[in-house]
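Undergrad: sharing a model that was predicted from the sequence below.
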Amino acid sequence: MIVVDTSVVLAFMDRRDADHELVRDWMETVEDELTTTPLVVAELDHLVFRQGGAPAAKALREDLDRGAYAVEWWSSAIHDTVAVAQRWESIDLGLTDASLITLAARVETVSIATLDERHFRAARPLTEGADAFILLPADAE
């Protein structure tokens with residue numbers, strides 16, 4: 001399972017994005033399930049509409065509706081997310097990124113699809129024994 005950040009979906013959807021080809025080529029090879037949080041979905045809804053207008057927002061919503069990305073939230077998710085954001089406040093980790101760290105722990109993965117290396121290289125996984133996240137597509141073999 002791979003946890004998905006906003007930046008990867010934006011680059012995948014926008015042919016003008018500098019990382020579009022990198023992300024597209026990587027996404028074509030992915031066989032694992034992709035999952036994210038409602039915080040990412042809200043961020044995407046706003047940014048996709050702002051950058052690509054109604055047609056892009058419609059495409060995103062169709063992708064979500066057909067299950068391109070699983071969206072997970074649980075009863076303690078906001079508490080868990082706030083705790084992670086507070087733990088990493090020294091690197092200005094926001095709630096959206098913190099939600100991905102908590103989701104990664106919940107689904108027992110260290111794989112995060114993101115272009116945000118600053119935050120995810122500095123933060124550490126909550127999974128016992130894991131020293132670092134695998135950031136995709138950057139760390140793809």
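TA: Thanks, I have it.

Undergrad: so which elements touch whatever helix or strand Val40 lives in?
TA: Of the helices and strands defined by DSSP states H and E, Val40 is found in helix 38-65. Of the remaining helices and strands, those touching helix 38-65 by 3 or more C-beta pairs under 8 Å, 6 or more residues apart in numbering; DSSP states H and E are helix 6-13, strand 70-71, helix 95-106. Bear in mind the C-beta positions are built from the backbone N, C-alpha and C, glycine included.

Undergrad: at 7 Å instead, please
TA: Contacts of helix 38-65 with other secondary structure elements, assessed using 3 or more C-beta pairs under 7 Å, 6 or more residues apart in numbering; DSSP states H and E, are made with helix 6-13, helix 95-106.

Undergrad: got the contact list for stretch 134-141?
TA: Judged by C-beta atoms under 7 Å, 6 or more residues apart in numbering, the contacts made with stretch 134-141 from elsewhere in the structure are 2, 22-23, 26, 110-114, 117, 120-121.

Undergrad: circling back: in CSV: the helices and strands packed on helix 38-65, plus distance to Leu136, mean neighbour count and mean pLDDT.
TA: As requested, those are exported to CSV (distance: least, C-beta to C-beta, whole Å; neighbours: other C-beta atoms under 10 Å; pLDDT from 0 to 100):
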stretch, distance to Leu136, mean neighbour count, mean pLDDT
helix 6-13, 8, 22, 97
helix 95-106, 12, 23, 98
